[in-house]
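Asks: Take a look and give me a structure for this.
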Amino acid sequence: MSRETAEAARVEDAVLTRAAQAGEVVALGLLLERHRAGMRAVA
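Replies: Okay, the predicted model is just below:
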């Protein structure tokens, strides 16, 4: 992943996180799906 792509993903995650905190269920779903593998690895 290039530096620009990684930065764009972080910015998008931040936007999705704020939306999820505001009650946007779709944003939460997108975050959970995007980070599923990492969460499962930790669990």
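Asks: The helix of greatest length in the chain - contacts with which helices or strands?
Replies: Determined from DSSP state H, the single longest helix within the chain is helix 3-21. Under the contact definition 3 or more C-beta pairs under 8 Å, 6 or more residues apart in numbering; DSSP states H and E, helix 3-21 sits against helix 25-34. Where you see a C-beta, it was placed from the backbone N, CA and C, and this is true even at glycine.
Asks: So which elements touch the helix it packs on?
Replies: Checked by 3+ C-beta pairs under 8 Å, 6+ apart, helix 25-34 has helix 3-21 packed alongside it.
Asks: Now do the contacts for Arg40.
Replies: Residues in contact with Arg40 (C-beta atoms under 8 Å, 6 or more residues apart in numbering): none are found.
Asks: Next, the buried residues of stretch 15-32.
Replies: Using 16 or more other C-beta atoms under 10 Å as the test for burial, stretch 15-32 gives 16, 19-20, 27, 30-31.
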